[in-house]
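Chemist: A predicted structure for the sequence below; I have some questions about it.
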Amino acid sequence: MSMFRVIVLRLQPLWCLLCFLSATSASAQSPQLGQPMTAAEVAAIDFTVLPSGNGLPEGGGNAQQGEGLYRVQCQACHGEQGVGGINDRLAGGHGTLTGPKPVKTIGSYWPQATTVFDFIRRAMPYSAPGTLSNDEVYALTAYLLHINGVIEASTVMNQSSLPAVVMPNRDRFIWAVQANGDEY
């Protein structure tokens, strides 16, 4: 056995001890920021909405209700009618996916309407995610679908109607993974 292997083998327990002490010391010196979440806080964000609609909550709303909410909650970042804001464009882009400069919006790219609901509920508004009621999320979803020409302004989005919406890119989207027991 080489002298190098002997030294390494003899120092290995010491190295493990140093790593352990360093890790425990680092956790003891953490900044202790934040506080543990309550069960109610966890319940407010612990959900999954599948493309089939499984996981959608009760409630409902239409684009007419969502338009006013959009102006207050979304327009500053996403622009008037989903175009021209400082953040991602939400509307338009139809027919551009096969061109040299595809515009990926809700109406041109997203394959499932339930994903719109799930994203808004989970992540919006940016400054206070998770603060919108289910009815508000349904209304905003309806408004975004409407400005993309997917549904009429008076169409009510709810647990049963939202999964039935056929998005323009639905049949051209290639899924990397298929969920067990849930149809895409």
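Modeler: Received it, and whenever you're ready, just let me know what you need. In this text, all values refer to a predicted model and were calculated from it rather than measured experimentally. Numbers count the residues shown, from 1 in each chain.
Chemist: element containing the residue positioned nearest the centre of the chain, please.
Modeler: Taking CA atoms, centre = their mean, the centroid of the chain lies closest to residue 119, which sits 3.5 Å from it. Applying DSSP states H and E as the criterion places residue 119 in helix 113-123.
Chemist: against which helices or strands is that helix packed?
Modeler: Where contact means 3 or more CB pairs under 8 Å, 6 or more residues apart in numbering; DSSP states H and E, helix 113-123 is packed against helix 134-147. Where C-beta positions appear, they are placed from N, C-alpha and C, glycine not excepted.
Chemist: neighbouring contacts of the helix or strand following the helix it packs on?
Modeler: Tracing the chain C-terminally past helix 134-147 and defining elements by DSSP H and E, one meets strand 157-158 next. For strand 157-158, the surrounding residues in contact (CB atoms under 8 Å, 6 or more residues apart in numbering) are 56, 58-62, 113, 117, 138-139, 141-142, 145, 151, 165.
Chemist: okay, how far is it across stretch 122-138, tip to tip?
Modeler: Counting by CA to CA, to the nearest Å, you get 13 Å between the two ends of stretch 122-138.
Chemist: report the buried residues of it.
Modeler: 124-125, 132, 134-138 (16 or more other CB atoms under 10 Å).
Chemist: what are the phi and psi values at residue 112?
Modeler: Note on residue 112: its backbone torsions stand at phi -130, psi 130 [degrees, to the nearest 10].
Chemist: number of nearby residues for the nearest residue to it once chain neighbours are set aside?
Modeler: When the adjacent residues along the chain are set aside, residue 112 lies closest to residue 51, with 4.2 Å between them (CB to CB, 6 or more residues apart in numbering). Look at residue 51: counted by other CB atoms under 10 Å, it has 18 neighbours.
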